[in-house]
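[1] 3D, please:
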Amino acid sequence: LKGFSGYVHADGYKGYHKLPENITVVGCWAHVRRKFFDAMEALPKDKQPTSNAAKGVAYCDKLFHLEKQFALLCPENRLKEREKQSKPLIDEFYDWIGKLNALPKTHLGKAVQYAQSQRKYLERYITDGRLEISNNRAERSIKPFVIGRKNWLFSNTPSGARASAVYYSLVETAKENGLNPFEYLAWIFTQAPNLGKLGYVNSFADLLPGSTKIPPNVFIPKFQRTEPEKYAWEEDE
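    The predicted structure is shown next:
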């Protein structure tokens, strides 16, 4: 994260909370829900539905349900709805767990302690409509890397780790932008040696996944752009 400035969606790992001030950590409600769910699962089945642990899960589920309703809103309107609906529910949740007096070493106690210790990070997603309620997307993005590393045990140096991290970052970012990873990397390898020579790709920024200079055939069909007049290589035609 050297040189990075912005938001980082993360779990409750304390290392993230020691990042520079120009990086804002946003907590994950999926981890909170998991703590309460584990507490519920530890109880006899007949006591689970009416338990405080189940109520904690229900609070989290309500917040996630609201996010599904806000999914198609623009960031500005999503922010307004979060302030109107999500914030009161979060305040109600914290008022509730503050009165539980759960024993610290019990599953419920650990869930409560986690939620309380992470509160300032967990509440941050309601301050910006672009942020997400959980870290799930980030965790899904690194899952292929976690699974794949079993196949390349020979990458046992810092340089090898950095190289694989760079390529995986490019691939996952390409997916997020609706690009075919294979076609995208092939295009990069074709264009990078000729930066500034072909007229429309002049810098490394032009090669990034969000660039408007990426040709249509690199996009996954359903994500293909419909405004070809904006493509840089066609401006001189």
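[2] When you work out contacts or count neighbours from here on, use the C-alpha atoms and nothing else.
    Will do.
[3] so how far is the lowest-mean-pLDDT helix or strand in the chain off the chain centroid?
    Scoring the helices and strands of the chain by mean pLDDT, DSSP states H and E places helix 136-148 at the bottom, with a mean of 78. Chain-centre distance of helix 136-148: 11 Å, with CA atoms, centre = their mean, to the nearest Å.
[4] Look at Y125 and say how many residues are nearby.
    23 (other CA atoms under 10 Å).
[5] Same question for the one 3 residues further on.
    Using other CA under 10 Å, D128 has 15 neighbouring residues.
[6] again, but for G12
    G12: 20 neighbours (other CA under 10 Å).
[7] which ones are touching it?
    By CA atoms under 8 Å, 6 or more residues apart in numbering, the contact list for G12 reads 27-28, 118.
[8] go with 10 Å
    25-28, 31-32, 114-115, 117-118, 121-122 (CA atoms under 10 Å, 6 or more residues apart in numbering).
[9] For it, which three-state class applies?
    coil (DSSP: H, G, I helix; E, B strand; the rest coil).
[10] now the one 5 residues further on
    Remark: H17 carries the secondary structure label helix [criterion: three-state DSSP].
[11] Quick check: it vs N156, distance?
    Between H17 and N156 the distance is 28 Å, computed by CA to CA, to the nearest Å.
[12] quick one: which of those two has more around it?
    Taking other CA under 10 Å, H17 and N156 do not tie; H17 has more neighbours (15 against 9).
[13] thought E183 was touching F219?
    Yes - look at E183 against F219 with CA atoms under 10 Å: they come within range, at 8.1 Å.
[14] out of these two, which sits in the busier spot?
    Taking neighbours as other CA under 10 Å, E183 and F219 compare with F219 leading, 20 against 15.
[15] which non-adjacent residue is nearest the more buried one?
    L179 (4.3 Å; CA to CA, 6 or more residues apart in numbering).
[16] still on that earlier bit, out of the contacts of G12, who's nearest K80?
    Among those, L122 lies closest to K80 (CA to CA), at 17.5 Å.
[17] which secondary structure elements does the helix or strand hosting that closest one contact?
    Using DSSP states H and E, L122 falls within helix 119-122. Under the contact criterion of 3 or more CA pairs under 10 Å, 6 or more residues apart in numbering; DSSP states H and E, helix 119-122 touches strand 23-26, helix 29-41, helix 87-98, helix 107-117.
[18] Out of those, which gets nearest to I126?
    Of those, nearest to I126 by CA to CA is helix 87-98, at 7.1 Å.
[19] sorry, back to before: for P209, find the nearest of the helices and strands packed on helix 119-122.
    Closest to P209 of the helices and strands packed on helix 119-122 is strand 23-26 (CA to CA; 22.5 Å).
[20] quick one: average pLDDT of the closest one?
    The average pLDDT within strand 23-26 is 95.
[21] now do stretch 182-196
    87.
[22] buried stuff in that stretch?
    184-185, 187-188, 191, 195 (16 or more other CA atoms under 10 Å).
[23] Now distance to I97 and secondary structure too, for those residues, in CSV please.
    Putting the buried residues of stretch 182-196 into CSV (distance: CA to CA, whole Å; DSSP: H, G, I helix; E, B strand; the rest coil) gives the following:
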residue, distance to I97, secondary structure
Y184, 48, helix
L185, 49, helix
W187, 53, helix
I188, 52, helix
Q191, 56, helix
L195, 57, coil
